[in-house]
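> curious how this folds, go ahead:
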Amino acid sequence: MKTVRYCKKFTGLGLVVSLFLLLGFSPGSLSTAKAIVTGFHISGRNLLDANGNNFIMRGINVPYNWYPEQTSSFANIKARGANTARVVLSNGYLWEKNTASEVASVISLCKANELVCVLEVHDTTGYGEEAGTASLAQAVDYWEEIKSVLDGEEAYVIINIGNEPYGNNNATNWIAATKNAIIAMRSAGFQHTLMVDAPNWGQDWEHIMRDNANDVLANDPNGNTIFSIHMYGVYENASNIQSYVSAFVTDDLPLVIGEFGHQHSDGDPNESAIMSVAEANGIGYLGWQWSNTAGNESYLDIVTHFNPNLLTTWGNRLINGKNGICSTSYEASIYGGSLHPVCSIRSVVNRAEDGWILESSEISNLGGGLNSTSALLYIGDNAQDKQYRSLLSFNTARLPDGATVTKVRLRLNVQGFTGGNIFTPTKTLGNLLVDISKPYFGSNVNLVVGDFQAAAGSNGVGMLSSVPGTGWRTVTLKSAAYPFVNLTGTTQFRLRFEKDDNDDLGADFLMIHSGEASAANRPQLIVEYYIP
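Got it, this is the predicted structure:
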């Protein structure tokens, strides 16, 4: 048998259970306790959410403890279609302890981005073999310490008691330690679904978790524990992957692939087989890891240096490949769910191709002048009642071939107004309208005066009817825009008001930050899609 050592990175129900125990019932007999459901719960080998709907994890591991400043990771993995974030936390043994307030913030980030939150203590990694690591009992102490921010979150949070809690030394001790940890969590009053990682650095090559899973689950008074296998070098062959998963399927036991990658220092895991077997058997999987900046295990990064637009080879395989996140991930019903697996891309305007165009005369309806280097885009009219229109250009080629667009949003950062707020108290210029063209207006991707009057693929696909003040505004486009989102190149938008001018011989225009503005203020395009 192949020996594996895997180490990452420097890398109210409790009262009911107690009463049953006092009356002499065994933990496995508490069927009435199992009926008390406040959140996620296990039914056979399925994980059901608080609405009773089957939930299959399609997620990504987020190294929060090591990079707490990278809070955008949650929105970015959601944008890639993930429905779950498995979050690295520390109880203070190997890394700086995450406080209760930090964990509360993580839960808020998950909920704000409609992600199921799997929280794990990483300091247990390789216990018994790796120096300084925490035991499962010490992980339980941490969960009890921060229990106040976990209570009430059972519909959104799954507690992964400890990451890879035993190495290869005395790995059979995992059985008793895991049973004791589950009982301790229930005695402390935790009603959450609990997740337990396998020994042997998470890979269970000795089949200790596999062969004792029934006994461990029966030890949970709530019957609400899911088992997690980490698939790296031990799982080079499709037959090994199928055999391991089949054991849980046959025994009707819940399983998730809590970590896996496309390569590893201990071998070359068969990621395609892992994803295929998971999809065929309705089993969740969570890819390791979103990103890091230290260069440590960068071959396992899904994006480079936390940049959501820089998918690695592994990231592209996990997200866009066969049986990947984009094609198989459904949002949890606790957030409303979705009819299709949904992914999205977020693009920033191409600064070389945007700008404003000014009408040649008040009633010409023809472009006369332009500015492609201004930090502001103008929409409205000037003191001669000539109309301003502005063009935005985005590269949407990152959308996969065959993608079906389901939602398009244009995000604009308003800098201010000249001539006062032209939306209030009366709309002297009407509403702000958005036109779309594929691949561009006119005959040139670059800004030219003729773009002012050039035919659009579709006119008025978006409308902004109110701008109370400065700051970000989002325009959600009509479905008429979807066919004009270019899957292979540039998509352009034109911003204009309903009325060409207000005949007051005064400058009245809206100012929006352009591609020449600071990176944080540039216009953005968000396209949601699924792959049929």
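
> residue 154 in helix, strand or coil?
coil (DSSP: H, G, I helix; E, B strand; the rest coil).

> need the contact list for the nearest residue to it once chain neighbours are set aside.
Leaving aside its sequence neighbours, residue 154 sits nearest to residue 39 (CB to CB, 6 or more residues apart in numbering; 2.7 Å). (C-beta placed from N, C-alpha, C; glycine too.) Applying CB atoms under 8 Å, 6 or more residues apart in numbering to residue 39 gives the contacts 49, 50, 153, 154, 155, 156, 157, 191, 192, 193.

> do you know the pLDDT at residue 39?
Confidence at residue 39, expressed as pLDDT, is 96.

> for residue 89, see how far away the nearest residue to residue 99 once chain neighbours are set aside is.
Nearest non-adjacent residue to residue 99, counting by CB to CB, 6+ apart: residue 146, 7.7 Å away. From residue 146 across to residue 89, the span is 9 Å (CB to CB, to the nearest Å).

> need the longest strand for the protein.
strand 404-418 (DSSP state E).

> on that earlier part again, the residue nearest to residue 99 reaches residue 100, doesn't it?
Yes - with contact defined as CB atoms under 8 Å, residue 146 counts as touching residue 100 (4.2 Å).

> out of these two, which sits in the more crowded spot?
Between residue 146 and residue 100, counted using other CB atoms under 10 Å, residue 146 has the larger neighbour count: 20 against 13.

> in contact with that one, which residues?
Per CB under 8 Å, 6+ apart, neighbours of residue 146: 99, 100, 103.

> can you tell me how far the second one is from residue 138?
So the one you mean is residue 100. Taking CB to CB, one finds residue 100 at 17 Å from residue 138.

> and the host helix or strand of residue 346 with strand 404-418, angle?
Using DSSP states H and E, residue 346 sits in strand 343-348. Interaxial angle of strand 343-348 relative to strand 404-418 (axes from the mean of the first three to the mean of the last three CA atoms, to 10 degrees): 30 degrees.

> strands paired with the helix or strand following strand 343-348, and their directions?
Downstream of strand 343-348, the first helix or strand assigned by DSSP H and E is strand 355-359. The strands beside strand 355-359 in its sheet (DSSP bridges) come out as strand 367-371 (antiparallel), strand 387-395 (antiparallel).

> to residue 260, which of these lies closest?
The closest of the strands paired with strand 355-359 to residue 260 is strand 387-395. By CB to CB, the value is 31.3 Å.

> for that closest one, the averaged confidence score.
Strand 387-395 comes out at a mean pLDDT of 98.

> alpha carbons of it, in PDB - could you do that?
The C-alpha trace of strand 387-395 is given here as PDB (Å, rounded to 0.1, in the frame of the first residue of the first chain):
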ATOM      1  CA  GLN A 387     -25.800  65.800 -27.500                       C
ATOM      2  CA  TYR A 388     -23.100  63.800 -25.700                       C
ATOM      3  CA  ARG A 389     -23.100  60.000 -26.200                       C
ATOM      4  CA  SER A 390     -20.500  57.600 -24.700                       C
ATOM      5  CA  LEU A 391     -19.100  54.300 -25.800                       C
ATOM      6  CA  LEU A 392     -18.000  51.300 -23.700                       C
ATOM      7  CA  SER A 393     -16.000  48.400 -25.000                       C
ATOM      8  CA  PHE A 394     -15.500  45.000 -23.200                       C
ATOM      9  CA  ASN A 395     -13.700  41.900 -24.200                       C
END
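
> and the helices in the stretch 1-150 of the chain?
Applying DSSP state H, counting those that start in this stretch to the stretch 1-150 of the chain gives helices spanning 13-22, 31-34, 72-79, 100-112, 136-145, 147-150.

> how far off helix 72-79 does the longest one point, in degrees?
In terms of direction (the same axes, to 10 degrees), helix 100-112 departs from helix 72-79 by 20 degrees.

> correct me, but residue 529 touches residue 341?
No - the pair residue 529 and residue 341 does not pass the contact test of CB under 8 Å, sitting 9.7 Å apart.

> neighbour count for these two, which is higher?
residue 529 (24 against 20).

> give the contact list for the nearest residue to that one once chain neighbours are set aside.
Leaving aside its chain neighbours, residue 529 sits nearest to residue 403 (4.1 Å; criterion: CB to CB, 6+ apart). Each residue near residue 403 by CB under 8 Å, 6+ apart is listed here: 487, 529, 530, 531.

> ok, now with 7 Å
487, 529, 531 (CB atoms under 7 Å, 6 or more residues apart in numbering).

> so residue 401: helix, strand or coil?
Under the three-state scheme (three-state DSSP), residue 401 adopts coil.

> residue 241 now?
Judged by three-state DSSP, the three-state class of residue 241 is helix.

> neighbours of it, just the number please.
26.

> can you check the pLDDT for it?
So residue 241 comes in at 98 (pLDDT).

> same deal with the one 3 residues further on?
Per-residue confidence for residue 244 comes out at a pLDDT of 98.

> one more: residue 310?
pLDDT for residue 310: 89.

> fine, thanks again, bye for now.
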